[in-house]
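Undergrad: sequence first, then the predicted structure, then my questions.
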Amino acid sequence: MVRAYDTPLMQKALKAAWAYQILTFPNPAVGAVVSDDAGNILGVGAHLQAGSPHAEVIALKEAYVALTHDHAIDALHDSREIHDYLILHHRSLFHPLTLHVTLEPCHHYGKTPPCSHLIQMLGIKRVVIGSYDESMQAKGGGAYLQTCGVEVEYGCEKEACDRLLAPFTCNIQQRPFLFFKVALSANGVATGGTISSLESRTRVHALRDRCDLLVIGGNTVRIDRPILDARLVRGKAPDILIYSHQKVWDKSIPLFGVQNRHVSISDRLALDAYRMVMIEGGQAMLDAMEQSVQWYLIFRSPHIKEGKALILPQGLELCYCETIGEDTLSWYYKRA
C-alpha cells in the first residue's frame with residue numbers, strides 16, 4: 001500500500017544518489033533510505049563507486065547505528081564484512097522498518113554480496129523500489145523478496161529514478177551515454193581562462209576518470225591548448241575526439257602528449273566503441289551537439305567574467321543541484 005511519505009523519502013534517496021552520478025560507472029548511481037513506520041529517517045546511503053558497498057548497505061549500516069548506538073560497525077568498509085555484521089547483530093530491529101531504494105536491490109554475487117539476501121535476512125517488512133533492474137546479471141531482487149513475504153512496492157518516482165539510471169541503462173544496452181559539460185561565470189560566460197573553483201575542477205577530473213572518450217571542439221583546442229587529463233584525482237585520461245574539419249594540428253598542444261591515449265580528429269561522431277562520453281566546448285560545439293545530447297552538466301561560478309554569454313539549449317529541465325566549493329553543480333535533461 002502506498003504511503004504519504006513514500007514520495008519524499010524516494011526523493012531523499014534520489015538526491016543522495018545524484019551526488020555520485022557518473023562517478024559509480026559502470027555501476028549505476030543508486031540511493032537508499034531506511035525509515036520507521038512513521039516515516040522518520042534512520043539511515044541514508046548512496047553507492048559511491050564500483051566495488052564499494054551498495055546504497056542499501058550504507059543506509060542499513062547507518063540505521064543500525066541509529067537504533068543500537070553500536071559504533072563498532074563504523075570501522076567496517078568492506079561490503080561483505082558489513083553484511084555479515086548486520087546479519088549477526090540485527091536482533092530483529094529491522095523488522096518494522098521500510099527501505100526506499102531508487103533501483104531494485106541486486107540479486108547476485110559479484111564484487112559484493114546480493115542486497116536482496118541481506119534485506120531478507122534482516123527481516124525488513126517493506127521495500128519501495130523506483131526503477132526495475134533490467135540487467136541480466138542482477139535483476140530479480142524485488143520478486144525474490146516478494147516470495148520471502150516482504151511487502152514490495154514498485155514505481156515510486158519511477159520517471160525520476162529511470163532518468164538517474166540513464167548511464168547504466170545505456171551501458172547494458174551497449175550504446176554510449178553522452179553528456180555536455182560546461183563551466184559558466186555568474187553572467188553566463190564560458191570563455192577567457194579558468195572559471196570554476198578547484199573543487200569543481202577536481203570533480204570534473206573525477207568524471208573524466210570514469211569516461212572513456214572526451215569530445216572537444218576544435219576552437220577550444222586551438223585557443224586553450226588543454227591537456228584534458230584526470231591528474232587532480234590521479235585518474236586515467238580518456239581518449240580524445242577533436243570535433244573539427246581541420247586535419248593538421250600542432251602536436252605540442254598538451255592533450256597530444258598524454259600516454260596511453262588515442263586522439264582522433266573528425267567532423268563526425270564515431271562513438272560506437274565507447275560507453276561514457278563527455279563533451280566539452282564553447283557555443284559552436286554546443287550548437288553542433290544540440291540534436292545529439294540530452295544531458296547537460298553545468299558548473300556555475302559566483303564571479304562575473306567579461307565576454308559573451310553562452311546561449312544554452314531551450315527546454316532544459318533541472319534534475320539535481322548541489323553546492324561544490326563556491327560554485328553550483330547542476331544536472332539538466334532535455335527531452336528528445
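TA: Sure thing, it's come through.

Undergrad: mean confidence score for the strand or helix carrying residue 199?
TA: Element membership for residue 199, per DSSP states H and E: helix 198-210. Here helix 198-210 scores 98 as its mean pLDDT.

Undergrad: and stretch 6-15, C-alpha only, in CSV?
TA: The C-alpha coordinates for stretch 6-15 follow below in CSV (Å, rounded to 0.1, in the frame of the first residue of the first chain):
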residue,chain,number,x,y,z
ASP,A,6,6.9,7.4,0.1
THR,A,7,7.4,10.2,-2.4
PRO,A,8,9.5,12.5,-0.1
LEU,A,9,11.6,9.6,1.1
MET,A,10,12.3,8.4,-2.5
GLN,A,11,13.2,12.0,-3.4
LYS,A,12,15.7,11.9,-0.5
ALA,A,13,17.2,8.7,-1.9
LEU,A,14,17.4,10.3,-5.4
LYS,A,15,19.2,13.3,-4.0
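
Undergrad: what comes into contact with it?
TA: Stretch 6-15 has contacts (C-beta atoms under 8 Å, 6 or more residues apart in numbering) with 31-33, 35, 39, 41, 44, 55, 98, 100-102, 128, 130, 153, 156-157, 160-161, 164, 320. (Glycine included, C-beta is placed from N, CA and C.)

Undergrad: what's the burial count for the closest residue to residue 201 other than its chain neighbours?
TA: Closest residue to residue 201 apart from its sequence neighbours, by C-beta to C-beta, 6 or more residues apart in numbering: residue 232 at 6.3 Å. The number of residues packed around residue 232, counting by other C-beta atoms under 10 Å, is 16.

Undergrad: let's see the helix holding residue 199 as CSV, backbone CA atoms only.
TA: The C-alpha trace of helix 198-210 is given here as CSV (Å, rounded to 0.1, in the frame of the first residue of the first chain):
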residue,chain,number,x,y,z
LEU,A,198,39.4,23.9,-7.6
GLU,A,199,36.6,21.8,-6.1
SER,A,200,34.7,21.9,-9.3
ARG,A,201,37.7,21.2,-11.4
THR,A,202,38.6,18.2,-9.2
ARG,A,203,35.1,16.9,-9.7
VAL,A,204,35.5,17.2,-13.5
HIS,A,205,38.7,15.3,-13.3
ALA,A,206,36.9,12.5,-11.3
LEU,A,207,34.3,12.4,-14.1
ARG,A,208,37.0,12.2,-16.8
ASP,A,209,38.4,9.2,-14.9
ARG,A,210,35.1,7.4,-15.5
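
Undergrad: and the angle from whatever helix or strand comes next after that helix to helix 198-210?
TA: Per DSSP H and E, the first helix or strand lying C-terminal to helix 198-210 is strand 213-217. Interaxial angle, strand 213-217 versus helix 198-210 (axes from the mean of the first three to the mean of the last three C-alpha atoms, to 10 degrees): 120 degrees.

Undergrad: tell me which strands strand 213-217 pairs with, and in which orientation.
TA: strand 239-243 (parallel), strand 276-280 (parallel) (DSSP bridges).

Undergrad: okay, the ones you listed in a markdown table with distance to residue 16, mean pLDDT and mean neighbour count next?
TA: Output for the strands paired with strand 213-217, formatted as a markdown table (distance: least, C-beta to C-beta, whole Å; pLDDT from 0 to 100; neighbours: other C-beta atoms under 10 Å):
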| stretch | distance to residue 16 | mean pLDDT | mean neighbour count |
| --- | --- | --- | --- |
| strand 239-243 | 31 | 96 | 21 |
| strand 276-280 | 21 | 97 | 23 |
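
Undergrad: now for those strands, which one comes closest to residue 140?
TA: Checking these against residue 140 by C-beta to C-beta gives strand 276-280 as the closest, at 26.0 Å.

Undergrad: residue contacts, the residue lying closest to residue 27 once chain neighbours are set aside?
TA: Leaving aside its chain neighbours, residue 27 sits nearest to residue 50 (4.4 Å; criterion: C-beta to C-beta, 6+ apart). Going by C-beta under 8 Å, 6+ apart, residue 50 touches 24-27, 111.
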